[in-house]
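Peer 1: okay, sequence plus prediction incoming.
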Amino acid sequence: MATATAPRLKAKYDAEVKQALLAQLGLENVMQVPKLEKIVINMGVGKATQQPSLLDSAVADLTAIAGQKPIVTKSRDSIAGFKLRENQAIGCKVTLRGDRM
């Protein structure tokens, strides 16, 4: 059976960053130090309004960076100056939580 290891960023945060923040902020207890809850990585593709195929490469890039499939973000409103229509795909994002950070 394989042994579980802590994620690299979490181990670094617990070992180094927590103690540095404790001293820098002048806190008395380790539980008062701010915690990292989630990391959001997003990519807006401005040319995706004219070339929807660019969005596929953005999705592939974020998948390679984050290790999980991103969500395609869509526009909320139509903006004539940008040739943008409502619910048109314009970017993608990934939210990392827990051990995936």
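Peer 2: Cool, the structure landed.
Peer 1: which other helices and strands does the longest helix seen in the chain contact?
Peer 2: Ranked by residue count, the top helix of the chain under DSSP state H comes out as helix 53-66. Judged by 3 or more Cβ pairs under 8 Å, 6 or more residues apart in numbering; DSSP states H and E, the packing partners of helix 53-66 are strand 38-44, strand 89-97. Backbone N, C-alpha and C define where each C-beta goes, glycine included.
Peer 1: what's the following helix or strand after it?
Peer 2: strand 71-74 (DSSP states H and E).
Peer 1: distance from that following strand to the middle of the chain?
Peer 2: 13 Å (Cα atoms, centre = their mean, to the nearest Å).
Peer 1: using CSV, write out every CA atom in the longest helix of the chain.
Peer 2: Listed next in CSV are the C-alpha coordinates belonging to helix 53-66 (Å, rounded to 0.1, in the frame of the first residue of the first chain):
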residue,chain,number,x,y,z
SER,A,53,-11.1,27.3,-32.1
LEU,A,54,-8.8,29.4,-30.0
LEU,A,55,-10.8,28.4,-26.9
ASP,A,56,-9.9,24.8,-27.4
SER,A,57,-6.2,25.5,-27.1
ALA,A,58,-6.9,27.6,-24.0
VAL,A,59,-8.8,24.7,-22.5
ALA,A,60,-5.9,22.3,-23.3
ASP,A,61,-3.3,24.8,-21.8
LEU,A,62,-5.3,25.1,-18.5
THR,A,63,-5.7,21.4,-18.4
ALA,A,64,-2.0,20.9,-18.6
ILE,A,65,-1.3,23.6,-16.0
ALA,A,66,-3.9,22.6,-13.4
